[in-house]
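# sharing a sequence plus its predicted fold:
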Amino acid sequence: MDVEAESRAAGLQVDGVSVQDRFLTTAELRALNECARVRRERGDFDAARIGSTRNLQRRSDIRGDSTCWLTPPLLPAEQELLCKLEQVRLELNRDALLGLFDLELHYAWYPPGAAYARHVDQPHGRTQRQVSLVLYLNEAWTPAAGGELRIFDGRRDLEDSAAMDSAAMDIAPIGGRLVCFLTPGREHAVLETTCERLSISGWFRARE
């Protein structure tokens with residue numbers, strides 16, 4: 001069994017979170033950054049909005065990123081990434097028995113000063129999203145840049161919000177790092193960034 005795959009499945013089963021560094025090679029990281037640059041220059045990114053489908057609104061004080069969904073036609077580096085993540089999906093189904101069926105992905109670009117307040121990834125009344133993932137594309141991240149992913153402890157034995165906050169995990173957005181966590185009920189946030197922050201984010205989904 002692949003050691004990284006085994007570790008990813010074990011992390012989700014034990015803690016609900018797994019972190020894998022160097023998921024991307026340097027060449028893959030730079031190729032995806034170039035894809036994002038091309039897409040931004042041709043206007044594929046839109047300001048992210050919050051709310052239900054019928055009541056979407058832009059609230060930069062809550063969510064300050066812009067997004068671009070990865071839908072066909074894809075650039076070559078994006079196609080290669082989808083193949084790589086398909087292997088992750090198959091491994092999680094094999095090793096963690098998650099019944100994951102497909103994947104939805106988007107770029108998320110945060111300008112300096114942007115953040116994303118505490119939230120969950122499952123829309124109300126929907127259950128397809130089972131594993132959230134974030135793949136970081138920041139080549140020169142430093143601690144002063146901020147933009148960490150803060151994942152709050154989802155254990156039911158933590159009775160108050162202060163206890164949940166003290167148990168939060170902060171994950172630096174280092175280029176090439178892949179973070180996966182179980183989606184249902186898992187609150188998380190993106191802390192304010194002081195420079196541009198780029199990732200590919202999405203969800204492995206089960207059938208409804």
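That came through fine. Numbers count the residues shown, from 1 in each chain.

# for this structure, where's the lowest mean pLDDT among helices and strands?
Taking mean pLDDT, DSSP states H and E as the measure, the helices and strands of the chain show their lowest mean at helix 161-166, namely a mean of 51.

# after it, which helix or strand is next?
strand 169-171 (DSSP states H and E).

# could you find the closest non-adjacent residue to Cys195?
Excluding its sequence neighbours, the residue lying closest to Cys195 (C-beta to C-beta, 6 or more residues apart in numbering) is Ala145, at 4.9 Å. Every residue, glycine included, has its C-beta placed from N, CA and C.

# average pLDDT across the helix or strand encompassing Glu6?
Assignment of secondary structure by DSSP H and E places Glu6 within helix 3-14. Here the mean pLDDT over helix 3-14 is 86, rounded to a whole number.

# mind listing what the closest residue in space to Phe101 that isn't next to it in sequence touches?
With sequence-adjacent residues excluded and distances taken as C-beta to C-beta, 6+ apart, Phe101 is closest to Arg207, at 5.0 Å. Counting by C-beta atoms under 8 Å, 6 or more residues apart in numbering, Arg207 makes contact with Gly99, Phe101, Gln128.

# next, format those residues as TSV and append pLDDT.
Output for the contacts of Arg207, formatted as TSV (pLDDT from 0 to 100):
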residue	pLDDT
Gly99	94
Phe101	95
Gln128	93
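
# buried members of those residues into PyMOL, please.
Selecting the buried subset of the contacts of Arg207 in PyMOL, with 16 or more other C-beta atoms under 10 Å as the burial test, is done by:
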select buried, resi 128
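
# that's a strand at Gln130, yeah?
Yes: secondary structure of Gln130, determined by DSSP: H, G, I helix; E, B strand; the rest coil: located in a strand.

# now for the closest residue in space to it that isn't next to it in sequence: which residues touch it?
Here the nearest residue to Gln130 in space, its sequence neighbours aside, is Ala206; by C-beta to C-beta, 6+ apart that works out to 4.9 Å. Applying C-beta under 8 Å, 6+ apart to Ala206 gives the contacts Leu98, Gly99, Leu100, Phe101, Thr127, Gln128, Gln130.

# just give me the closest of those residues to Asp44.
Using C-beta to C-beta, Gln128 is the member of the contacts of Ala206 that lies nearest Asp44, at 24.4 Å.

# excluding chain neighbours, what is closest to that closest one?
Excluding its sequence neighbours, the residue lying closest to Gln128 (C-beta to C-beta, 6+ apart) is Arg205, at 4.1 Å.
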